[in-house]
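**Student:** dropping a prediction and its sequence here:
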Amino acid sequence: MSRQNRSGAPEFVDYSRLTDQEVVVLARQGREAAFRELIGRYERPVFSLIYRLVRHREKAEDLSQETFIKVLNALDRYDSSYKFSSWIFKIAHNTALDLLRKKELDTLSLDGSPHAETQSEVDATTVTAVSDEESPEDFAASRELGHVLERAIGTLRPEYRTAIVLCHVEGRPYEEIAEIMNVPLGTVKTYIHRARNELKHQLEHLRC
Amino acid sequence: MGDPIVTDSMLHPEPERLDAFVEGTLDEADRAVVESHLIACDQCQAEIEETRSLFTALAALPHFDPSPGFALRVMQHVKLPDPWYVRAGHYLQIFIPKTTRGWAFASGIFALPLVTVSAMLLWLLSKPYITGETLIAFGWSRISAAAAAAADTLAATFIRSDIAIMTARGVEAAFTGGLRGAGLVALAFAALTCLSTWVLYQNLFRSPTRRSNYASFGI
């Protein structure tokens, strides 16, 4: 892979083989390609987490952008003894929570923001899960389940939402989730257990 | 009649343990206890199935994509760190005096060794048994000895280096290979000279494009 660094000299670095920490080291040297690699690795997980928290696409875009700008402009303060993923998710979580506290967006309805006045605003604030790796038959069934599940996640308290998404969608271990949310390990287990119970309760009608 | 006997296998495991069972995080002994309970308990089996279904559904939730151009929008607000030589320049600027008084102080600091050495020389020359000629002769002998030692070290290092070995082989090839060998050596030497000149030219003399067009062989 040949790219240009800031001084114009060609780079021959295969970023896909590097760990997050190694990419951060290159980014600290001013290599733009390393910054883009970090964005590429985390734009979807970070955006998905924030979108599921705030349930508003444009707000989620703005907050994701804010998260990356904060992270990438503060790389020199990143302590590499911690996981980079923990750090970026922590900033994403805090950034989204700040907005939720200010705007109380966590009270949004399941099918869009109550503040939405036009159909496009309703569409923008409705979370729909779509996967393109399924057959049409699977797609119809999974969309129904995915849609109901997304709606159920949307009714959870924000801290339950973060914990359940990080645990089951991102596959993060409990210890890392505790670090991201800045709460004790026992609290994370309680959040996840309660979130699962609430989700089971809300999905009961699908089994009937 | 007394209370019915309650055995371990009849007690339902706590919901957290059932979750841990599905997650596979129970230790072997605990797992065996839960498994033995599940054989006889339809309620807990149903609970386990429900948890498994939930886990599967959650794991199948997709990631969402931000709108196209997201990375570009982020990068417009990111300040790339300066290269090391620019940062070094910033650090060096700290030591450059900003006022006349600062310049005077810096000049004083730099002049101090000169003044000290001059004072020592004057003191030495004031002694009746030291003349200017003997002082120069003493200094010259010390400098010559140091230069000879440095030259010895350099020569020894060169003789042991790869360059010397390669040069010796080149000369040997030139002698043993006759005119053709000498021609090859001359050609290789010319090629290396051209390459060195090009690297020097790219790095030192192409000033208008110097910032954006370094010759680089780094990875």
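**Tutor:** Structure's in. What do you need? Numbers count the residues shown, from 1 in each chain, chains lettered A, B, ... in the order given.
**Student:** got a list of what the residue nearest the centre of chain A touches?
**Tutor:** Central residue of chain A (Cα atoms, centre = their mean): residue A:49, 2.2 Å from the mean position. Residue A:49 makes contact with A:89, A:92-93, A:96, A:162, A:165-166, A:169-170 under the criterion Cβ atoms under 8 Å, 6 or more residues apart in numbering or on different chains. All C-beta spots, glycine's among them, are computed from the backbone N, C-alpha and C.
**Student:** can you list those in JSON lines and add neighbour count and secondary structure?
**Tutor:** JSON lines is the format used below for the contacts of residue A:49 (neighbours: other Cβ atoms under 10 Å in any protein chain shown; DSSP: H, G, I helix; E, B strand; the rest coil):
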{"residue": "A:89", "neighbour count": "27", "secondary structure": "helix"}
{"residue": "A:92", "neighbour count": "27", "secondary structure": "helix"}
{"residue": "A:93", "neighbour count": "26", "secondary structure": "helix"}
{"residue": "A:96", "neighbour count": "28", "secondary structure": "helix"}
{"residue": "A:162", "neighbour count": "26", "secondary structure": "helix"}
{"residue": "A:165", "neighbour count": "26", "secondary structure": "helix"}
{"residue": "A:166", "neighbour count": "25", "secondary structure": "helix"}
{"residue": "A:169", "neighbour count": "19", "secondary structure": "helix"}
{"residue": "A:170", "neighbour count": "17", "secondary structure": "coil"}
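**Student:** from those, which is closest to residue B:13?
**Tutor:** Using Cβ to Cβ, the shortest approach to residue B:13 within the contacts of residue A:49 belongs to residue A:166, at 25.5 Å.
**Student:** now residue B:13: phi and psi?
**Tutor:** Note on residue B:13: backbone dihedrals following degrees, to the nearest 10 are phi -60, psi 150.
**Student:** so how far is the helix or strand hosting the residue nearest to the centre of chain A off the chain centroid?
**Tutor:** Assigned by DSSP states H and E, residue A:49 belongs to helix A:32-54. Relative to its chain's centre, helix A:32-54 lies at 8 Å (Cα atoms, centre = their mean, to the nearest Å).
**Student:** buried ones in that helix?
**Tutor:** Judged by neighbour count using 16 or more other Cβ atoms under 10 Å in any protein chain shown, the buried positions of helix A:32-54 are A:32-39, A:41-54.
**Student:** also stretch A:180-199?
**Tutor:** Applying 16+ other Cβ under 10 Å to stretch A:180-199 flags A:180-181, A:188-189, A:191-196, A:198-199 as buried.
**Student:** show me where chain A has its helices.
**Tutor:** Using DSSP state H, the helices of chain A run over A:20-28, A:32-54, A:57-73, A:84-103, A:119-124, A:136-155, A:158-164, A:174-181, A:185-207.
**Student:** need these in JSON lines (columns: mean pLDDT).
**Tutor:** Formatted as JSON lines, the helices of chain A follow (pLDDT from 0 to 100):
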{"stretch": "helix A:20-28", "mean pLDDT": "91"}
{"stretch": "helix A:32-54", "mean pLDDT": "94"}
{"stretch": "helix A:57-73", "mean pLDDT": "94"}
{"stretch": "helix A:84-103", "mean pLDDT": "91"}
{"stretch": "helix A:119-124", "mean pLDDT": "56"}
{"stretch": "helix A:136-155", "mean pLDDT": "72"}
{"stretch": "helix A:158-164", "mean pLDDT": "94"}
{"stretch": "helix A:174-181", "mean pLDDT": "94"}
{"stretch": "helix A:185-207", "mean pLDDT": "89"}
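**Student:** need these in CSV with distance to residue B:63, can you?
**Tutor:** Output for the helices of chain A, formatted as CSV (distance: least, Cβ to Cβ, whole Å):
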stretch, distance to residue B:63
helix A:20-28, 18
helix A:32-54, 4
helix A:57-73, 12
helix A:84-103, 13
helix A:119-124, 18
helix A:136-155, 12
helix A:158-164, 15
helix A:174-181, 17
helix A:185-207, 19
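**Student:** quick one: closest of those helices to residue B:56.
**Tutor:** Shortest distance between residue B:56 and the helices of chain A, using Cβ to Cβ, is found for helix A:136-155: 9.6 Å.
**Student:** can you show me the helices along chain B?
**Tutor:** With DSSP H as the criterion, chain B has helices at B:15-23, B:28-40, B:42-59, B:70-75, B:84-93, B:100-125, B:132-160, B:162-176, B:178-200.
**Student:** and chain A, what are its domains?
**Tutor:** A:1-122, A:128-208 (automatic domain parsing).
**Student:** residue contacts, residue B:52?
**Tutor:** Residue B:52 neighbours (Cβ under 8 Å, 6+ apart): residue B:22.
**Student:** tell me the buried residues in stretch B:132-139?
**Tutor:** Under the neighbour-count rule, stretch B:132-139 has none buried (16+ other Cβ under 10 Å).
**Student:** quick one: distance of that stretch to the chain centre.
**Tutor:** Distance of stretch B:132-139 from its chain centroid, counting by Cα atoms, centre = their mean, is 49 Å.
**Student:** and that stretch, average pLDDT?
**Tutor:** The average pLDDT for stretch B:132-139 rounds to 87.
**Student:** what separation do you get for residue B:147 and residue B:153?
**Tutor:** The gap separating residue B:147 from residue B:153 is 11 Å, by Cβ to Cβ, to the nearest Å.
**Student:** check residue A:33 too.
**Tutor:** In this view, residue A:33 and residue B:153 are 44 Å apart by Cβ to Cβ.
**Student:** and residue B:214, what pLDDT?
**Tutor:** pLDDT recorded at residue B:214 is 41.
**Student:** quick one on the thing from earlier: the helix holding residue A:49 to helix A:84-103, inter-axis angle?
**Tutor:** Here helix A:32-54 runs at an angle of 40 degrees relative to helix A:84-103 (axes from the mean of the first three to the mean of the last three Cα atoms, to 10 degrees).
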